[in-house]
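Student: Just to be clear, the model below is a prediction. Sequence and coordinates:
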Amino acid sequence: MSGYLLRRLLGLVPVLLAAATLVWLLLFALPGDPARLIAGSRAVDPEILREVRAEWGLDEPAPAQYARYIARLLRGDLGISYAQGRPVAAILGDYALPTLTLGLAALLLAAVVGIGLGTLAAWFRGRAIDLGVLLLALVGASTPVFWLGLILILTFASWLRWLPVTGYGFDGVVLPFVGARLPEWRHLVLPALTLALVLAGALARVTRAALLDVAGAESLVAARARGLSRPGVFLRHALRRALPPVVTVLGLQLASLFGGAVATEFVFAWPGLGKALVRAIALRDLPLVEGCVLVLTAAYVFASLLVDLSLPLLDPRVGEGTALQ
Amino acid sequence: MRRTFRVSGSLRTSSVRRVLLAAALLALPALLAACGSRSGGESGPGKASAAPAPAAAPQVFRFRLREEPPTVDPAQMTDNLSEAIIMNVFRGLVAMDPATLAVVPAVASSWTVSPDHLTYTFRLRDGVVFHNSRAIEAKDVVWSFERLLKKETHSPRRWLLEPVAGALEFAEGKAATVAGLTAPDPRTVVLRLEHPFAPFLGMLTMGGASIVPREVYEDPEKKYLRAPVGCGPFKVVRWQPASLIEMAAFDKYYDGRPALDLVQVRIMENQVTAFQEYRTGGLDSLDEVPDDLPPEVQSEVLRYPLLGIGYIGLNLDRAPFKGNVALRQAINYAVDKDYLWTRLMPGANVPGRGLIPPGIPGYDPELPGYPHDEAKARSLLARAGYPAGRGLPPIALWFNTSGDNRRIAEQVQADLRKIGVNLTLREVDWGAYLKAVEGTADTPGEAQMFRFGWALDYPDADAVLRPLLHSKNIGPAGNYFRYRNPAFDDLVDRALVIGEPAARADLYRKAERLAVMEDAPMLFLNYYGSMTLFKPYVRGVTPTPLGEFRIPLERLRLDKPAS
């Protein structure tokens, strides 16, 4: 197992390098002169533009700039933001926790709601409840996050006044050692719900399908024959066997989670990576864009690894050999 | 070109500001302001003890910024979001009264100007302290000004102090001190200029000329970028990245502790959710007013003029405008500015007649401008050599991507079609737009017509006439029209060196009439205005042409019913 883990972790390196190269190429090809951004209102003076290019290495040929960029990354240095003049790592540190909390909360909520509804649908297969869940899942999966967020705000914040409209909350718990502040739960509810509802639809459908798939299995029939009640079989045996595909889909959904986080953070003024990324793109703040993309890529790859590692725990038949194939 | 500051030279302006402007002058509306109240009149540091009874609920004013301010270092400030924090945290030798735009004492309690208009002697106020409680002395002023000028600072606002004798030599490392900047004693600062320069005192009121404590601003780690220290009415007490900036009243503020105890600046991009936040009581003020404002909120809108103008530039070095005044005037008469700003896009902007916006010396209420007159437009078009537009190929009107720009461009297109002038619209992103418009000092840009706006850096007619139309500024420095008129240059140059305000204003009025009525280098569209929402319980709001973020928070007070 530890050898497998090591190989998977080493496998992260080429993936991240490829991501770094791709984002660099994309940004390099963008029109617009970063020197002008850095120089700001001094940009009308060609002499100052020359100085700025020299200072930031923007006057070098593209291969040299690329080599310097990769060398810097390998040293663990994400560079300095053009727009803010602060190290990218420090800026990412500011934004990482809000996105992490939002993502985890949404994932948890999506898992509970999605698996719960999927189980319900499978249990009442073919009845009105089943149909209702399937319809709900379809609506959930096809609703734009942006719109859903606004509707939730209008309903629960503006109309019912149960929850705050936007923000992170100013008085959340400060994490010891890290020094970063957690969101207040009242502020977390609506953005997490927005993001979760979109994921939950897909999860509900997969859960339902997987449960129905295993329902006819011989082992379940045998369990019933041993005298276990139907709910007992369902929850103890069927659900457990249905979980691996559900967890796999959950892993695959992480990408849409990140995508959704960008829109959610924008709507709810959530101070996270998505918001930072959008603003960095608008400002052509290339080092910050690169940093955000790398962190998100790393998070995605790492989460996929966790999913893979969890599968053998959920279903002993998925051994390490199986996972490697 | 070299950055020099000569009386007749180019005065550069902030491209960041231009970006904000062209990108959406209309989006200028901004944040807003706050609450609080001023305990009235003058007061010394001792006034803090006259604070409200302890039983009163704390006065917390909440407003919104659409993005985190790009900087809170006064030396780097060029945009209005940064101003929202900096102008409350810092003070310079002098300040500008936001309502009257008069220069008023700040860190300096008084000043004298020598008869030759070259030497400014400032007497520092007693008892002014930084937020770290250290008293301000003349050497702090010298250090702050040298910091602004120093090459390593890379300040986009260095030009504020470039009129000072020896400033450029110092900035370029050729001199160890600034010859014209001295502190003969701890309470006196003397500034000697190279040439008389009338707007100088007004420029010292800008954020870039703030006084900063050396012990904080020498930090190589630049901690001051999250924890600024000045001597203004509010001090930054908390900064949650991309979420909240909190400013608390400074007890020892030289002009008396503000009535507001706390100001919360909330950062939210999305205009729709920001408005919901305002409606549900999460904000006391909002800078962006939605188009479809619910009727019950109408009474909370504050409308006021801004120091800025909107126009469509005409490229005088390209056909068909080159050498054809009649055509330029015909276009001006053909466009219905009243319809544009009262019917199509009602809001705070008002139809424009010229270059100098209302509120500053030199504004000419008598200037006729070009009221909508289709018949006159047709006859001028014929005189221009294109009767009913015959023989005139379509003209390209460029603008950068924005809904408002498109609406304006389409309306202008429709108005001009009525007299037979056809426009093609070129909507491009900001980078491509600037490239097509700016040109260089020697070659004109590609754009024949371009939609643009201009906000004045400081409230002086020079800040609009010189950057836009002086022949020394042709090209990226601001004169994209490539307007050359020696008589205009002469009027503007003369106005810069005379001290008598009425005589200066008169010269500016003459220069404006010359450019507007005789040369028409642009289609004059509007004077800018702003709209800001304030809850009815916010008292002491002072609207100011300096912009929504300059509404002085230290004058606000909340009169909330007890909840």
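Tutor: Alright, I've got the coordinates. Numbering: from 1, shown residues only, chains lettered A, B, ... in the order given.

Student: Please identify the residues of the stretch 201-350 of chain B in proximity to chain A?
Tutor: In this structure, the stretch 201-350 of chain B approaches chain A at residues B:222, B:225, B:238, B:240-244, B:246, B:264, B:266-270, B:272-274, B:276-277, B:279-280, B:282, judged by C-beta under 8 Å from any C-beta of the partner chain. C-betas here are computed from N, CA, C, even on glycine.

Student: try 6 Å
Tutor: Of all the residues in the stretch 201-350 of chain B, those in contact range of chain A (C-beta under 6 Å from any C-beta of the partner chain) are B:P241, B:A242, B:S243, B:L244, B:M268, B:E269, B:N270, B:T273, B:Q276, B:E277, B:T280, B:G282.

Student: mind listing which of the residues you listed are in helices?
Tutor: Counting by DSSP state H, the part of those found in helices is B:T273, B:Q276, B:E277.

Student: Which pLDDT does the model give the second one?
Tutor: The reference is to B:Q276. With respect to pLDDT, B:Q276 scores 93.

Student: Number of residues surrounding the residue of the stretch 51-200 of chain A found nearest chain B?
Tutor: Minimum separation of the stretch 51-200 of chain A from chain B (C-beta to the nearest C-beta) falls at A:D94, amounting to 3.7 Å. When neighbours are defined as other C-beta atoms under 10 Å in any protein chain shown, A:D94 has 21 of them.

Student: do the same with B:L201
Tutor: In terms of burial, B:L201 registers 18 neighbours under the definition other C-beta under 10 Å.

Student: so which helix or strand takes in it?
Tutor: For B:L201, the host element (DSSP states H and E) is helix B:200-203.

Student: and what of A:A64?
Tutor: Using DSSP H and E, the element containing A:A64 is helix A:62-74.

Student: Where do the helices of the stretch 101-250 of chain A begin and end?
Tutor: According to DSSP state H, counting those that start in this stretch, the stretch 101-250 of chain A carries its helices in the segments A:128-142, A:145-152, A:185-215, A:218-225, A:230-233, A:239-252.

Student: hey, which of those is tucked in deepest?
Tutor: When neighbours are counted by mean count of other C-beta atoms under 10 Å in any protein chain shown, the highest per-stretch mean among the helices of the stretch 101-250 of chain A falls to helix A:185-215, a mean of 23.

Student: got the angle for that helix vs helix A:128-142?
Tutor: Regarding helix A:185-215 and helix A:128-142, their directions subtend 120 degrees when assessed with axes from the mean of the first three to the mean of the last three C-alpha atoms, to 10 degrees.

Student: Closest to B:P501 out of the ones in helices among the residues of the stretch 201-350 of chain B next to chain A?
Tutor: Comparing those against B:P501 with C-beta to C-beta picks out B:E277 as the nearest, at 44.1 Å.

Student: before we move on, the earlier item: now the helices of the stretch 101-250 of chain A as a markdown table including distance to chain B?
Tutor: Below are these laid out as a markdown table (distance: least, C-beta to the nearest C-beta, whole Å):
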| stretch | distance to chain B |
| --- | --- |
| helix A:128-142 | 21 |
| helix A:145-152 | 6 |
| helix A:185-215 | 10 |
| helix A:218-225 | 49 |
| helix A:230-233 | 43 |
| helix A:239-252 | 28 |
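
Student: Rebuild those as CSV, extending it with distance to A:A110.
Tutor: As requested, the helices of the stretch 101-250 of chain A are exported to CSV (distance: least, C-beta to C-beta, whole Å):
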stretch, distance to A:A110
helix A:128-142, 10
helix A:145-152, 13
helix A:185-215, 4
helix A:218-225, 27
helix A:230-233, 24
helix A:239-252, 8
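
Student: Export these as CSV, with columns for mean pLDDT.
Tutor: Putting those into CSV (pLDDT from 0 to 100) gives the following:
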stretch, mean pLDDT
helix A:128-142, 88
helix A:145-152, 91
helix A:185-215, 88
helix A:218-225, 75
helix A:230-233, 77
helix A:239-252, 82
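
Student: of all those helices, which lies closest to A:A29?
Tutor: Distances from A:A29 to each of these were compared using C-beta to C-beta; the minimum, 27.7 Å, belongs to helix A:145-152.

Student: Figure out how far that closest one is from the centre of its chain.
Tutor: Per C-alpha atoms, centre = their mean, to the nearest Å, the displacement of helix A:145-152 from the mean C-alpha position of its chain is 18 Å.

Student: interface residues of the stretch 451-563 of chain B facing chain A?
Tutor: By C-beta under 6 Å from any C-beta, the residues of the stretch 451-563 of chain B that approach chain A are B:P476, B:A477.

Student: Number of residues surrounding the residue in the stretch 451-563 of chain B that chain A sits nearest to?
Tutor: Closest contact between the stretch 451-563 of chain B and chain A, by C-beta to the nearest C-beta, is at B:P476 (4.5 Å). Counted with other C-beta under 10 Å, the neighbours of B:P476 add up to 23.
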